[in-house]
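Visitor: I need the structure of the sequence given here:
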Amino acid sequence: MEEKIAKITKQLLKEIGENPEREGLLKTPKRVAKAWDFFSHGYKQNLDDIVNQAIFNEEAKDMVIVRDVEFFSLCEHHLIPFFGKAHVGYIPNGKVIGLSKIPRIIDMFSRRLQVQERLTSQIADAVNNILTPKGVAVVMEGQHMCMQMRGVQKQSSYTSTSAMHGKFRNSAETRSEFLSIINRRFE
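Guide: Model prediction:
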């Protein structure tokens with residue numbers, strides 16, 4: 001794959017009016033190919049391998065939240081980055097997941113061509129399917145370079161998306177507790 005992407009990148013440089021043989025660009029096609037391999041490695045991953053049986057029987061009954069998880073992805077419409085923070089909460093139903101697995105799930109889905117709306121839902125659905133908890137909530141806050149660098153060029157804009165299942169969808173009190181916790185700033 002890397003060889004094909006390097007070849008395409010060299011052609012792209014020519015198409016935009018650059019000389020791919022000049023010193024600063026000689027290694028660019030190979031660098032771009034390696035970068036794309038990293039940016040898209042979520043396609044090569046699956047949920048079972050990510051979770052790796054790190055689900056444990058536990059009688060915990062209260063909300064579990066992993067917040068401020070940095071993510072980056074590529075907008076499928078422009079192939080330009082978007083990035084931000086994800087907040088994931090769930091209410092256990094006899095099972096908990098190893099905490100490091102939640103950022104890994106976020107990474108797996110974000111390292112594919114995406115739109116933030118679908119990304120948010122995929123993370124919530126994955127946690128819901130793995131744990132069958134009493135509820136799952138995901139909120140993502142992102143900055144989109146496709147809005148900041150081109151088009152409307154609004155550098156201070158953020159996009160917030162949410163996906164709620166179970167108690168988070170059905171109980172305003174539970175939803176408010178989650179939103180209150182993720183909006184607290186710890187110094």
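
Visitor: What residues sit buried inside the lowest-mean-pLDDT helix or strand in the chain?
Guide: Per-element confidence for the chain was summarised using mean pLDDT, DSSP states H and E. The lowest value among helices and strands belongs to helix 145-148, with a mean of 84. For helix 145-148, burial by neighbour count (16 or more other CB atoms under 10 Å) applies to 146-148. The way it works is simple: take the backbone N, C-alpha and C, and place the C-beta from them, glycine included.

Visitor: got it, and stretch 10-17?
Guide: Residues 10, 13 are the ones in stretch 10-17 that count as buried (16+ other CB under 10 Å).

Visitor: Would you mind writing the CA trace of it as CSV?
Guide: The C-alpha coordinates for stretch 10-17 follow below in CSV (Å, rounded to 0.1, in the frame of the first residue of the first chain):
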residue,chain,number,x,y,z
LYS,A,10,4.4,12.2,-6.3
GLN,A,11,1.8,12.7,-9.0
LEU,A,12,-0.2,15.0,-6.8
LEU,A,13,2.8,17.2,-6.2
LYS,A,14,3.3,17.5,-10.0
GLU,A,15,-0.4,18.3,-10.5
ILE,A,16,-0.4,21.2,-8.0
GLY,A,17,2.7,22.7,-9.8
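
Visitor: List the residues that contact R111.
Guide: Residues in contact with R111, defined by CB atoms under 8 Å, 6 or more residues apart in numbering, are 38-43, 45, 73.

Visitor: domain ranges for the chain?
Guide: Following automatic domain parsing, one finds the domains of the chain at 2-39, 53-183.

Visitor: Deepest in the core, which of the ones you listed is it.
Guide: Compared across the domains of the chain, domain 53-183 shows the largest average neighbour count, a mean of 17 (mean count of other CB atoms under 10 Å).

Visitor: coming back round to it: will you turn the buried residues of helix 145-148 into CSV that also has distance to F109?
Guide: Rendered in CSV, the data for the buried residues of helix 145-148 read as follows (distance: CB to CB, whole Å):
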residue, distance to F109
C146, 19
M147, 21
Q148, 22
